[in-house]
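**Student:** Predicted model and sequence below, questions to follow.
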Amino acid sequence: MFIDQVKIYARAGHGGRGCVSFRRESFEPMGGPDGGDGGRGGSVILEASHDLNNLIAQFYVPRLIAKNGNPGEGAKKTGKSGKDIIIKVPCGTVVWKLADPTPAEAETDGERVGNSAGKQAMEIDLEADDATPAPELAIGEEAELVVDLTEHGEQFILCTGGRGGQGNHHFATPRNQAPRHAQPGEPGGEGNYHFELRLMADIGLVGYPNAGKSTLLNAISHAKPKIAAYPFTTLHPQIGVVEMDGWERYTVCDIPGIIEGAHNNVGLGHAFLRHIRRCQTLCVILDMAGTDDRNPCDDYEKILRELELYDKAMLAVPHLVAANKMDEDASTDYLAEFRKRFPKIEVLEIMAAIDEGVPELMERFREAARA
(Lines give C-alpha, C1' and ligand atoms only; values in the text may rest on other atoms or scores of the structure.)
Protein backbone atom coordinates (compact mmCIF):
# COMPACT_ATOMS: atom_id res chain seq x y z
CA MET A 1 0.00 0.00 0.00
CA PHE A 2 1.37 3.40 -1.01
CA ILE A 3 0.48 6.28 1.34
CA ASP A 4 1.65 9.78 0.46
CA GLN A 5 -0.70 11.87 2.63
CA VAL A 6 -1.74 11.38 6.23
CA LYS A 7 -3.20 13.41 9.08
CA ILE A 8 -1.31 13.27 12.37
CA TYR A 9 -2.03 14.37 15.92
CA ALA A 10 1.22 14.96 17.85
CA ARG A 11 1.73 15.94 21.45
CA ALA A 12 4.92 16.34 23.42
CA GLY A 13 5.14 15.23 27.03
CA HIS A 14 4.22 17.55 29.88
CA GLY A 15 6.91 18.63 32.31
CA GLY A 16 6.84 16.99 35.74
CA ARG A 17 5.69 19.02 38.70
CA GLY A 18 8.17 20.33 41.25
CA CYS A 19 8.37 18.64 44.64
CA VAL A 20 7.49 20.12 48.02
CA SER A 21 9.82 18.46 50.50
CA PHE A 22 11.84 19.32 53.62
CA ARG A 23 15.10 17.87 54.81
CA ARG A 24 14.57 15.61 57.81
CA GLU A 25 17.73 14.08 59.27
CA SER A 26 19.17 13.44 62.68
CA PHE A 27 20.64 16.51 64.30
CA GLU A 28 19.15 18.67 61.52
CA PRO A 29 15.88 19.91 63.04
CA MET A 30 15.65 22.80 60.59
CA GLY A 31 17.06 21.27 57.42
CA GLY A 32 15.07 23.52 55.14
CA PRO A 33 13.30 22.87 51.83
CA ASP A 34 14.85 20.32 49.47
CA GLY A 35 12.15 19.62 46.86
CA GLY A 36 13.61 18.73 43.47
CA ASP A 37 12.59 19.94 40.02
CA GLY A 38 10.29 18.03 37.72
CA GLY A 39 11.66 16.29 34.65
CA ARG A 40 11.34 17.67 31.14
CA GLY A 41 8.66 16.22 28.91
CA GLY A 42 9.68 14.23 25.85
CA SER A 43 9.65 15.91 22.44
CA VAL A 44 8.26 14.65 19.14
CA ILE A 45 11.08 14.73 16.57
CA LEU A 46 10.91 14.04 12.86
CA GLU A 47 13.91 12.59 11.01
CA ALA A 48 14.19 12.31 7.24
CA SER A 49 15.41 8.97 5.91
CA HIS A 50 16.16 7.85 2.35
CA ASP A 51 15.37 4.28 3.40
CA LEU A 52 11.63 5.02 3.31
CA ASN A 53 9.46 5.77 0.30
CA ASN A 54 5.98 6.38 1.76
CA LEU A 55 4.10 7.35 4.91
CA ILE A 56 2.53 4.00 5.70
CA ALA A 57 4.04 3.92 9.21
CA GLN A 58 2.28 7.16 10.10
CA PHE A 59 -0.94 5.86 8.54
CA TYR A 60 -1.05 3.08 11.14
CA VAL A 61 0.21 5.26 13.99
CA PRO A 62 -1.61 8.58 13.54
CA ARG A 63 -1.17 9.66 17.17
CA LEU A 64 2.34 10.55 18.29
CA ILE A 65 2.38 11.00 22.08
CA ALA A 66 5.64 11.52 23.94
CA LYS A 67 6.08 10.60 27.61
CA ASN A 68 5.62 13.08 30.42
CA GLY A 69 8.43 14.04 32.77
CA ASN A 70 8.41 12.53 36.25
CA PRO A 71 7.77 14.72 39.31
CA GLY A 72 10.69 15.94 41.35
CA GLU A 73 11.72 14.18 44.57
CA GLY A 74 13.17 15.05 47.94
CA ALA A 75 16.84 15.70 48.52
CA LYS A 76 16.72 18.05 45.52
CA LYS A 77 16.44 15.13 43.12
CA THR A 78 15.26 16.10 39.63
CA GLY A 79 12.58 13.88 38.13
CA LYS A 80 13.41 11.70 35.15
CA SER A 81 12.84 13.41 31.82
CA GLY A 82 10.36 11.95 29.37
CA LYS A 83 11.88 10.05 26.46
CA ASP A 84 11.86 11.79 23.09
CA ILE A 85 10.22 9.91 20.24
CA ILE A 86 11.96 10.10 16.87
CA ILE A 87 9.66 9.48 13.92
CA LYS A 88 11.38 8.61 10.65
CA VAL A 89 9.74 9.95 7.49
CA PRO A 90 10.81 9.76 3.83
CA CYS A 91 12.99 12.46 2.36
CA GLY A 92 10.68 14.92 0.64
CA THR A 93 8.07 15.01 3.41
CA VAL A 94 6.31 18.36 3.76
CA VAL A 95 4.60 19.07 7.09
CA TRP A 96 1.65 21.44 7.36
CA LYS A 97 0.13 22.72 10.62
CA LEU A 98 -3.66 22.45 10.69
CA ALA A 99 -6.14 24.04 13.06
CA ASP A 100 -5.41 23.58 16.76
CA PRO A 101 -7.27 20.74 18.48
CA THR A 102 -10.47 21.60 20.24
CA PRO A 103 -10.33 21.91 24.06
CA ALA A 104 -12.39 18.74 24.39
CA GLU A 105 -9.92 16.80 22.28
CA ALA A 106 -6.92 18.16 24.16
CA GLU A 107 -8.53 17.34 27.52
CA THR A 108 -9.29 13.82 26.42
CA ASP A 109 -5.71 13.28 25.33
CA GLY A 110 -4.45 14.70 28.60
CA GLU A 111 -6.57 12.25 30.60
CA ARG A 112 -5.54 9.33 28.40
CA VAL A 113 -1.81 9.90 28.76
CA GLY A 114 -1.65 11.95 31.94
CA ASN A 115 -0.11 9.09 33.93
CA SER A 116 1.99 7.65 31.14
CA ALA A 117 5.28 7.42 33.05
CA GLY A 118 5.20 3.65 32.93
CA LYS A 119 3.77 3.35 29.43
CA GLN A 120 5.48 3.18 26.07
CA ALA A 121 6.80 6.37 24.52
CA MET A 122 4.39 6.06 21.61
CA GLU A 123 0.77 5.08 22.11
CA ILE A 124 -1.21 3.35 19.38
CA ASP A 125 -4.97 3.59 19.40
CA LEU A 126 -6.16 1.97 16.21
CA GLU A 127 -9.78 1.95 17.38
CA ALA A 128 -9.92 5.73 17.68
CA ASP A 129 -11.28 7.94 14.93
CA ASP A 130 -7.79 9.27 14.23
CA ALA A 131 -6.81 5.86 12.84
CA THR A 132 -8.99 6.36 9.76
CA PRO A 133 -7.20 7.36 6.53
CA ALA A 134 -6.46 11.07 6.45
CA PRO A 135 -8.31 13.00 3.71
CA GLU A 136 -6.60 15.44 1.41
CA LEU A 137 -6.74 19.10 2.35
CA ALA A 138 -10.01 20.63 1.24
CA ILE A 139 -9.90 23.49 -1.23
CA GLY A 140 -9.63 26.75 0.71
CA GLU A 141 -8.62 25.05 3.97
CA GLU A 142 -5.90 27.03 5.67
CA ALA A 143 -2.67 25.31 6.58
CA GLU A 144 0.67 26.68 7.68
CA LEU A 145 3.88 25.24 6.28
CA VAL A 146 6.02 23.94 9.12
CA VAL A 147 9.00 22.20 7.55
CA ASP A 148 10.18 20.55 4.35
CA LEU A 149 12.52 17.63 5.09
CA THR A 150 14.73 16.90 2.11
CA GLU A 151 18.13 15.73 3.41
CA HIS A 152 18.86 12.30 4.83
CA GLY A 153 19.32 12.51 8.60
CA GLU A 154 17.76 15.98 8.86
CA GLN A 155 15.81 16.37 12.09
CA PHE A 156 13.08 18.76 13.16
CA ILE A 157 11.38 19.13 16.55
CA LEU A 158 7.70 18.99 15.73
CA CYS A 159 6.47 19.40 19.32
CA THR A 160 8.75 20.53 22.15
CA GLY A 161 8.44 18.87 25.54
CA GLY A 162 7.26 20.95 28.47
CA ARG A 163 9.76 22.25 31.03
CA GLY A 164 9.64 20.68 34.46
CA GLY A 165 8.41 22.75 37.40
CA GLN A 166 10.81 24.03 40.04
CA GLY A 167 10.88 22.46 43.49
CA ASN A 168 10.16 24.40 46.64
CA HIS A 169 13.84 24.95 47.49
CA HIS A 170 13.94 27.57 44.72
CA PHE A 171 11.40 29.72 46.57
CA ALA A 172 13.13 29.93 49.93
CA THR A 173 13.74 33.53 51.05
CA PRO A 174 14.84 35.14 54.33
CA ARG A 175 11.18 35.95 55.02
CA ASN A 176 9.82 32.57 53.90
CA GLN A 177 12.35 29.91 54.79
CA ALA A 178 9.90 27.02 54.52
CA PRO A 179 7.93 27.51 51.28
CA ARG A 180 5.17 24.96 50.82
CA HIS A 181 4.57 25.46 47.14
CA ALA A 182 6.31 24.41 43.93
CA GLN A 183 5.76 24.98 40.22
CA PRO A 184 3.63 22.68 38.09
CA GLY A 185 5.20 21.39 34.92
CA GLU A 186 4.65 23.22 31.66
CA PRO A 187 2.41 21.52 29.11
CA GLY A 188 4.05 20.04 26.03
CA GLY A 189 3.40 21.37 22.55
CA GLU A 190 0.65 19.74 20.51
CA GLY A 191 -1.16 20.12 17.22
CA ASN A 192 -2.83 18.52 14.22
CA TYR A 193 -0.56 18.12 11.21
CA HIS A 194 -0.85 17.09 7.60
CA PHE A 195 2.10 15.11 6.23
CA GLU A 196 2.50 15.24 2.47
CA LEU A 197 5.15 13.27 0.58
CA ARG A 198 6.73 14.67 -2.56
CA LEU A 199 9.05 12.06 -3.94
CA MET A 200 12.61 13.07 -4.72
CA ALA A 201 14.18 11.61 -7.86
CA ASP A 202 16.71 12.67 -10.47
CA ILE A 203 14.50 11.90 -13.47
CA GLY A 204 10.72 12.11 -13.70
CA LEU A 205 8.77 10.22 -16.37
CA VAL A 206 5.70 12.06 -17.65
CA GLY A 207 3.22 11.00 -20.27
CA TYR A 208 -0.30 9.98 -21.15
CA PRO A 209 -1.67 6.64 -19.91
CA ASN A 210 -0.33 3.58 -21.70
CA ALA A 211 2.56 5.50 -23.29
CA GLY A 212 5.13 3.01 -21.98
CA LYS A 213 6.48 4.72 -18.87
CA SER A 214 6.28 1.63 -16.68
CA THR A 215 7.78 -0.52 -19.45
CA LEU A 216 10.73 1.85 -19.64
CA LEU A 217 11.18 1.90 -15.86
CA ASN A 218 11.14 -1.88 -15.82
CA ALA A 219 13.77 -1.98 -18.59
CA ILE A 220 16.26 0.39 -16.95
CA SER A 221 15.93 -0.47 -13.25
CA HIS A 222 15.09 -3.25 -10.84
CA ALA A 223 11.67 -1.78 -10.18
CA LYS A 224 8.84 -4.10 -11.17
CA PRO A 225 5.79 -1.95 -11.87
CA LYS A 226 2.68 -3.63 -13.19
CA ILE A 227 2.55 -3.60 -16.99
CA ALA A 228 -0.61 -4.26 -18.99
CA ALA A 229 -2.24 -3.17 -22.25
CA TYR A 230 -4.79 -0.83 -20.69
CA PRO A 231 -4.61 2.74 -19.36
CA PHE A 232 -3.90 3.55 -15.72
CA THR A 233 -2.15 0.28 -15.01
CA THR A 234 0.10 2.30 -12.70
CA LEU A 235 -1.99 3.59 -9.81
CA HIS A 236 0.68 5.22 -7.68
CA PRO A 237 4.19 6.61 -8.23
CA GLN A 238 7.07 4.17 -8.61
CA ILE A 239 10.74 4.85 -7.86
CA GLY A 240 13.46 2.91 -9.66
CA VAL A 241 17.21 3.00 -9.05
CA VAL A 242 19.34 2.79 -12.19
CA GLU A 243 22.85 1.44 -11.70
CA MET A 244 25.50 2.40 -14.27
CA ASP A 245 29.15 1.54 -14.79
CA GLY A 246 31.61 3.11 -12.39
CA TRP A 247 29.32 2.63 -9.38
CA GLU A 248 27.13 5.50 -10.50
CA ARG A 249 23.42 5.44 -9.84
CA TYR A 250 20.43 7.72 -10.22
CA THR A 251 16.74 7.48 -9.44
CA VAL A 252 13.78 7.60 -11.82
CA CYS A 253 10.20 8.36 -10.79
CA ASP A 254 7.31 6.98 -12.83
CA ILE A 255 3.97 8.64 -12.07
CA PRO A 256 0.59 7.42 -13.31
CA GLY A 257 -0.47 8.83 -16.66
CA ILE A 258 -1.77 12.36 -16.61
CA ILE A 259 -4.77 13.40 -18.67
CA GLU A 260 -6.26 16.66 -19.84
CA GLY A 261 -7.41 18.66 -16.82
CA ALA A 262 -4.87 17.13 -14.45
CA HIS A 263 -3.98 20.61 -13.15
CA ASN A 264 -7.56 20.80 -11.84
CA ASN A 265 -7.11 17.42 -10.13
CA VAL A 266 -8.94 15.54 -12.89
CA GLY A 267 -7.90 11.90 -12.67
CA LEU A 268 -6.15 12.60 -9.33
CA GLY A 269 -3.77 14.86 -11.21
CA HIS A 270 -2.59 16.73 -8.10
CA ALA A 271 -1.77 13.48 -6.32
CA PHE A 272 0.52 12.52 -9.22
CA LEU A 273 1.99 15.84 -10.38
CA ARG A 274 3.37 16.84 -7.00
CA HIS A 275 5.73 13.87 -7.10
CA ILE A 276 7.70 15.26 -10.04
CA ARG A 277 8.08 18.82 -8.76
CA ARG A 278 11.47 17.99 -7.23
CA CYS A 279 12.93 16.10 -10.21
CA GLN A 280 16.05 17.59 -11.77
CA THR A 281 14.99 16.56 -15.28
CA LEU A 282 11.70 15.46 -16.81
CA CYS A 283 11.37 12.95 -19.62
CA VAL A 284 8.19 13.21 -21.67
CA ILE A 285 7.28 9.75 -22.96
CA LEU A 286 5.22 9.93 -26.15
CA ASP A 287 3.34 7.08 -27.78
CA MET A 288 4.65 7.79 -31.25
CA ALA A 289 2.40 5.08 -32.72
CA GLY A 290 -0.69 7.21 -32.04
CA THR A 291 -2.54 4.52 -30.09
CA ASP A 292 -6.23 5.20 -29.43
CA ASP A 293 -6.28 7.75 -32.28
CA ARG A 294 -4.09 10.19 -30.34
CA ASN A 295 -1.66 12.51 -32.04
CA PRO A 296 1.76 12.59 -30.33
CA CYS A 297 2.19 16.26 -31.24
CA ASP A 298 -1.05 17.17 -29.51
CA ASP A 299 -0.14 14.99 -26.53
CA TYR A 300 3.17 16.83 -26.13
CA GLU A 301 1.50 20.24 -26.19
CA LYS A 302 -1.18 19.16 -23.74
CA ILE A 303 1.37 17.71 -21.33
CA LEU A 304 3.38 20.93 -21.29
CA ARG A 305 0.17 22.88 -20.84
CA GLU A 306 -0.86 20.77 -17.85
CA LEU A 307 2.56 21.24 -16.26
CA GLU A 308 2.38 25.00 -16.78
CA LEU A 309 -1.12 25.30 -15.34
CA TYR A 310 -0.17 23.20 -12.34
CA ASP A 311 3.07 25.07 -11.60
CA LYS A 312 4.72 27.52 -13.99
CA ALA A 313 8.10 26.74 -12.45
CA MET A 314 7.93 23.23 -13.92
CA LEU A 315 8.41 24.63 -17.43
CA ALA A 316 11.85 25.83 -16.35
CA VAL A 317 12.87 22.26 -15.48
CA PRO A 318 14.96 20.70 -18.30
CA HIS A 319 13.09 17.98 -20.14
CA LEU A 320 13.81 15.29 -22.72
CA VAL A 321 11.43 13.71 -25.21
CA ALA A 322 11.44 9.96 -25.74
CA ALA A 323 9.50 8.66 -28.74
CA ASN A 324 8.33 5.21 -27.72
CA LYS A 325 6.84 2.37 -29.80
CA MET A 326 8.96 3.20 -32.83
CA ASP A 327 8.47 -0.37 -34.06
CA GLU A 328 4.88 0.44 -35.08
CA ASP A 329 4.10 1.32 -38.72
CA ALA A 330 2.47 4.67 -37.97
CA SER A 331 5.34 5.87 -35.79
CA THR A 332 7.54 7.00 -38.72
CA ASP A 333 4.96 9.44 -40.07
CA TYR A 334 4.11 10.77 -36.63
CA LEU A 335 7.79 11.26 -35.80
CA ALA A 336 8.32 13.24 -39.03
CA GLU A 337 5.34 15.42 -38.18
CA PHE A 338 6.62 15.96 -34.65
CA ARG A 339 10.07 17.04 -35.82
CA LYS A 340 8.49 19.40 -38.30
CA ARG A 341 6.29 21.06 -35.67
CA PHE A 342 9.00 21.10 -32.98
CA PRO A 343 12.32 21.42 -34.84
CA LYS A 344 14.26 22.58 -31.76
CA ILE A 345 13.21 19.62 -29.61
CA GLU A 346 15.63 16.72 -29.52
CA VAL A 347 13.83 13.41 -29.76
CA LEU A 348 15.30 10.07 -28.66
CA GLU A 349 13.79 7.10 -30.44
CA ILE A 350 13.19 4.07 -28.24
CA MET A 351 11.33 0.77 -28.22
CA ALA A 352 11.11 0.09 -24.50
CA ALA A 353 9.41 -3.29 -24.94
CA ILE A 354 12.38 -4.74 -26.83
CA ASP A 355 15.13 -2.57 -25.26
CA GLU A 356 15.97 -0.70 -28.47
CA GLY A 357 17.38 2.78 -27.92
CA VAL A 358 17.12 2.35 -24.15
CA PRO A 359 20.90 2.32 -23.42
CA GLU A 360 21.29 5.67 -25.21
CA LEU A 361 18.42 7.10 -23.18
CA MET A 362 19.95 5.79 -19.95
CA GLU A 363 23.19 7.58 -20.82
CA ARG A 364 21.30 10.82 -21.33
CA PHE A 365 19.61 10.32 -17.97
CA ARG A 366 23.02 9.90 -16.34
CA GLU A 367 24.26 13.14 -17.88
CA ALA A 368 21.15 14.93 -16.66
CA ALA A 369 21.53 13.49 -13.15
CA ARG A 370 25.13 14.72 -12.99
CA ALA A 371 24.15 18.28 -13.84
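**Tutor:** Received it, and whenever you're ready, just let me know what you need.

**Student:** Can you tell me the element Leu361 falls in?
**Tutor:** Counting by DSSP states H and E, the secondary-structure element that holds Leu361 is helix 358-370.

**Student:** elements contacting that helix?
**Tutor:** Applying 3 or more CB pairs under 8 Å, 6 or more residues apart in numbering; DSSP states H and E, we find helix 358-370 packed against strand 203-207, helix 213-220, strand 238-243, strand 249-254, strand 281-287, strand 319-324, strand 347-349. C-betas here are computed from N, CA, C, even on glycine.

**Student:** Give the other helices and strands that the next helix or strand after the fifth one contacts.
**Tutor:** Looking back up the chat, that one is strand 281-287. Counting by DSSP H and E, the element after strand 281-287 in chain order, helix or strand, is helix 296-310. Counting contacts by 3+ CB pairs under 8 Å, 6+ apart, helix 296-310 packs against strand 203-207, helix 269-273, strand 281-287, helix 331-341.

**Student:** Output these in a markdown table, with mean neighbour count, mean pLDDT and distance to Leu52 appended to each entry.
**Tutor:** Listed next are the helices and strands packed on helix 296-310 as a markdown table, based on neighbours: other CB atoms under 10 Å; pLDDT from 0 to 100; distance: least, CB to CB, whole Å:
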| stretch | mean neighbour count | mean pLDDT | distance to Leu52 |
| --- | --- | --- | --- |
| strand 203-207 | 26 | 88 | 19 |
| helix 269-273 | 19 | 63 | 19 |
| strand 281-287 | 24 | 90 | 24 |
| helix 331-341 | 15 | 91 | 39 |
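
**Student:** for the closest residue to Arg277 other than its chain neighbours, what are its contacts?
**Tutor:** In space, not counting the residues next to it along the chain, Arg277 is nearest to Arg198; the distance is 5.9 Å by CB to CB, 6 or more residues apart in numbering. Neighbour list for Arg198: 92-94, 274-275, 277-278 [criterion: CB atoms under 8 Å, 6 or more residues apart in numbering].

**Student:** Could you chop the chain up by domain?
**Tutor:** With automatic domain parsing as the criterion, the domains of the chain are listed as 5-197, 203-370.

**Student:** quick one: low-confidence ranges for the stretch 101-250 of the chain?
**Tutor:** For the stretch 101-250 of the chain, the stretches with pLDDT under 70 are 101-142, 223-236.

**Student:** residue boundaries of the helices in it?
**Tutor:** Per DSSP state H, counting those that start in this stretch, the stretch 101-250 of the chain carries helices over the ranges 103-113, 213-220.

**Student:** Against which helices or strands is the last one packed?
**Tutor:** Using 3+ CB pairs under 8 Å, 6+ apart as the contact criterion, the neighbours of helix 213-220 among helices and strands are strand 203-207, strand 238-243, strand 249-254, strand 319-324, helix 358-370.

**Student:** which other helices and strands contact the first one?
**Tutor:** Contact analysis of strand 203-207 by 3+ CB pairs under 8 Å, 6+ apart lists helix 213-220, strand 249-254, strand 281-287, helix 296-310, helix 358-370 as its packing neighbours.

**Student:** And the furthest pair within the contacts of Arg198?
**Tutor:** Among those, the pair separated by the greatest distance (CB to CB) is Thr93 and Arg277, at 13.5 Å.

**Student:** Looking at these two, which is more packed in?
**Tutor:** Set side by side, Thr93 and Arg277 give different neighbour counts by other CB atoms under 10 Å, the larger being at Thr93 (27 against 17).

**Student:** okay but that one is in contact with Leu197, surely?
**Tutor:** Yes. Between Thr93 and Leu197 there is a contact at 5.5 Å, judged by CB atoms under 8 Å.

**Student:** and for these two, which residues touch both?
**Tutor:** With CB under 8 Å, 6+ apart, Thr93 and Leu197 have common neighbours Leu55.

**Student:** re earlier: quick check: the residue nearest to Arg277 vs Pro90, distance?
**Tutor:** When distance is defined by CB to CB, to the nearest Å, Arg198 is 9 Å away from Pro90.

**Student:** same question, Leu205
**Tutor:** Shown here: Leu205 relative to Pro90, a distance of 19 Å by CB to CB.

**Student:** do Val358 as well
**Tutor:** For Val358, the distance to Pro90 equals 28 Å [CB to CB].

**Student:** higher neighbour count, these two?
**Tutor:** Looking at Val358 and Pro90 with other CB under 10 Å, you find the greater number of neighbours at Pro90, namely 24 against 19.

**Student:** if we can go back for a sec, out of the helices and strands packed on helix 358-370, which one sits most buried?
**Tutor:** Highest mean neighbour count of those: strand 203-207, a mean of 26 (counted as mean count of other CB atoms under 10 Å).

**Student:** Kindly point out the strands partnered with that one and how each is oriented relative to it.
**Tutor:** Using DSSP bridges, the neighbouring strands of strand 203-207 in the sheet come out as strand 249-254 (parallel), strand 281-287 (parallel).

**Student:** what's near enough to touch Ile45?
**Tutor:** For Ile45, the residues meeting the contact criterion (CB under 8 Å, 6+ apart) are 84-87, 155-158.

**Student:** which element is it on?
**Tutor:** For Ile45, the secondary-structure element it belongs to, assigned by DSSP H and E, is strand 44-49.

**Student:** Strand partners (parallel or antiparallel) of that strand?
**Tutor:** Note on strand 44-49: by DSSP bridges, its sheet partners are strand 85-90 (parallel), strand 155-159 (antiparallel).

**Student:** I'd like to know which of these lies nearest to Gly246.
**Tutor:** Ranking the strands paired with strand 44-49 by distance to Gly246, with CB to CB as the measure, places strand 85-90 first at 27.4 Å.
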